[in-house]
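A.B. asks: Quick one: sequence plus predicted model below, questions after.
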Amino acid sequence: MELLWSPVGIGVLWLVLHCADYLLTIATARLKARGDLGKRVEMGGSYELNPLFVQAVEKGQWVSKRFLLTLGAGAIALPLAVAYFDWVAEMGLEDVRGLSEAVCGALVVTRFAVISVHLQNLMLFRRLLHVPEASIVSLRYDRGTVMMVTRARKVELAAFCAICALVSGRPFFLGGLAATLGLVAMLFLWGRRQVSTTPATQSSAPNS
């Protein structure tokens, strides 16, 4: 397992998980735009909640400049950070031992939280498009509700990580807990900005 939080392992994980997150986002957003689904599933704004990628997702771009920049930055910064933590630990500083594993946990847990919801929405939208008995289903929530439900899902995951950390004592789950709580805080900030600029009559299935 230690291979996962080695510099090479964390770099590969980032590349795979970040690509999976972005490509699933684009696939789901493009599916939502098919047929009359855009009118039946309203989100109070873009399918994408992260302001950094809203324009690319709205345009359905499989490759975007910001995606490539974040992909490259993560592929450099994360392995360097892990290599530094390992080097400091080898020098005898016990306080940083386990930080590499915590970084791995932060990455895996937060990406899993987002990717799993994209997969759920992908299957939901396909059903709404192709299953006759689902043809009358509409989803309409205001943006504030979308953000609230999305945060609630992340809080559930944070609670799970907290229990696992208490039981196992592994830095992996501590890193996942810290990163998930950070994601909740970011969603709160994004939500305040988006709710203040979005009409209250729009909505949808939460996504990230």
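C.D. replies: Now that the structure is in, tell me what you want to look at.

A.B. asks: Next secondary structure after the helix or strand hosting residue 164?
C.D. replies: Assigned by DSSP states H and E, residue 164 belongs to helix 143-168. Beyond helix 143-168 in the direction of the C-terminus, DSSP H and E gives the next helix or strand as helix 171-197.

A.B. asks: That following helix vs helix 143-168, what angle?
C.D. replies: Orientation of helix 171-197 against helix 143-168 (axes from the mean of the first three to the mean of the last three C-alpha atoms, to 10 degrees) gives an angle of 170 degrees.

A.B. asks: which strands and helices sit next to helix 171-197?
C.D. replies: Packing partners of helix 171-197 (3 or more C-beta pairs under 8 Å, 6 or more residues apart in numbering; DSSP states H and E): helix 99-130, helix 143-168. (Each C-beta comes from the backbone N, C-alpha and C, glycine too.)

A.B. asks: State the mean pLDDT of it.
C.D. replies: Here the mean pLDDT over helix 171-197 is 86, rounded to a whole number.

A.B. asks: buried sites along it?
C.D. replies: 171-181, 183-184, 187, 190-191, 194-195 (16 or more other C-beta atoms under 10 Å).

A.B. asks: can you check stretch 71-87 too?
C.D. replies: Judged by neighbour count (16+ other C-beta under 10 Å), stretch 71-87 contains these buried residues: 71, 74, 75, 78, 79, 82, 83, 85, 86.

A.B. asks: for the record, mean pLDDT for it?
C.D. replies: Over the span of stretch 71-87, the pLDDT mean works out to 92.

A.B. asks: do the same with stretch 113-126
C.D. replies: Confidence for stretch 113-126, expressed as mean pLDDT, is 92.

A.B. asks: I'd like the numbering to begin with 25 instead of 1 from here.
C.D. replies: Sure thing, new numbering starts at 25, so read that last one as stretch 137-150.
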